[in-house]
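>>> have a look; sequence and predicted model below, questions after that.
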Amino acid sequence: MIAYIVNSLCRQKWDRMAYENGTPFTFNSEYMARRFVGLQNEETTAYIAKHLSSMCQETLGCVLDYPVMKGQSVENKAIVMLYSKTDEGANFDENEPAAFNVAFSWELSDGTPCIHYGLFIVTPSHQRKGIQGPLGFLNLYMLLRNIEASTVWMTDLGRSPSGSRHFINFMSEVYPRPPSSKAEEKAALSDDEESQYEAQLRVAREFHARFQKDAGMSANSVLDGMVIKGSNLEGGATALVDVNGSTRSRSKAYNDWIDKLCPSPADELLMVGQFLPGQFVYRQVFQKNFPWLVPSATTTSDSKEQASS
């Protein structure tokens, strides 16, 4: 996954702006990509909103009530769209995107940078092709190139078991995460654990306080630990209430974990972690070749790439 993204980037002349203004570039042997960062002209903004909405409708049967779907609040967004190649060259139909990721940068009150991993959609005919992971890694990598801080927090909000598993596989220092053993599952949460993850809890508090009213989250939602109760009630992404619960994982551990933490379809789990390249490469290499050396809550793969917000 890492290799072909890096190779495709290195084969081209590095021009940062080329990866921010929608210029097409090779993603892999089957897909081209376009990346849009920050404010765009009116025509481009309309194009982005149109195709994000159409991919949501095709995949979920509804259009999520997020400002970006209406061409709003795009100034802090980084959007990557994938397009299936129409031949062995670099040709593609720009009106038939196959997948997208919307991420955005934000800061804590002390200036610590954060990246919200955002929304993933892979349309049905392109699912199970292994593109969600590389798509997220590409956008994350490009965002991190512009950040010089030693600590960068990552956030992810949703109720998708497969999306949660994806975030945990990518990130380190993740809280919360499923128990890795039956003994751990039975153990009650202790004051020590709350102290250990105080940094993640603080990020969660600031995220909820900052985005409660203007990021597809109900103004009446309540943060309970790392669960935002009523996130998708009135004023939030109400369409997700019908979708949540249908995007299941093949991993029973993740399904049960999400159901326990978020019993209502209107609830969403806020996950916080850090992207540490060394640990990420270690997991990618050793988990695939020597899985017994890498502790994991579950190693069962998911059946489909679904949306995770």
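Right, received. Where do you want to start?

>>> okay, and the nearest residue to residue 233 once chain neighbours are set aside sits in which element?
Distances taken as Cβ to Cβ, 6 or more residues apart in numbering place residue 218 nearest to residue 233, at 4.4 Å, with adjacent residues excluded. In short, each C-beta sits where N, CA and C put it, glycine included. Secondary structure from DSSP states H and E places residue 218 outside every helix and strand.

>>> cool, the one 5 residues further on as well?
Secondary-structure assignment from DSSP H and E places residue 223 in strand 222-224.

>>> just checking, what packs against that strand?
Here strand 222-224 touches helix 198-211, strand 227-229, going by 3 or more Cβ pairs under 8 Å, 6 or more residues apart in numbering; DSSP states H and E.

>>> would you mind finding the most buried of these?
strand 227-229 (a mean of 22; mean count of other Cβ atoms under 10 Å).

>>> what's in contact with it?
Here strand 227-229 makes contact (Cβ atoms under 8 Å, 6 or more residues apart in numbering) with 157, 208, 217, 221-223, 261-262, 264, 266-270.

>>> still on that earlier bit, can you give me the buried ones in the strand holding residue 223?
Within strand 222-224, the residues scored as buried using 16 or more other Cβ atoms under 10 Å are residue 223.

>>> can you tell me the strand partners of it and which way each runs?
According to DSSP bridges, strand 222-224 forms sheet pairs with strand 227-229 (antiparallel).

>>> now the partner strand: how far from the chain's centre is it?
Put simply, strand 227-229 sits 18 Å off its chain's centre (Cα atoms, centre = their mean, to the nearest Å).

>>> what mean pLDDT does that strand get?
The pLDDT scores in strand 227-229 average 94.

>>> would you mark the buried spots in the helix or strand hosting residue 141?
According to DSSP H and E, residue 141 maps onto helix 132-144. For helix 132-144, burial by neighbour count (16+ other Cβ under 10 Å) applies to 132-140, 142-144.

>>> then that helix to CSV, C-alphas only?
Provided in CSV are the C-alpha atoms of helix 132-144 (Å, rounded to 0.1, in the frame of the first residue of the first chain):
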residue,chain,number,x,y,z
GLN,A,132,-9.9,2.9,1.2
GLY,A,133,-6.6,2.4,3.1
PRO,A,134,-4.3,3.9,0.4
LEU,A,135,-6.8,6.7,-0.2
GLY,A,136,-6.7,7.8,3.5
PHE,A,137,-3.0,7.4,3.7
LEU,A,138,-2.5,9.6,0.6
ASN,A,139,-4.6,12.5,2.0
LEU,A,140,-3.0,12.1,5.5
TYR,A,141,0.5,12.1,4.0
MET,A,142,-0.1,15.3,2.0
LEU,A,143,-1.6,17.1,5.1
LEU,A,144,1.2,16.1,7.3
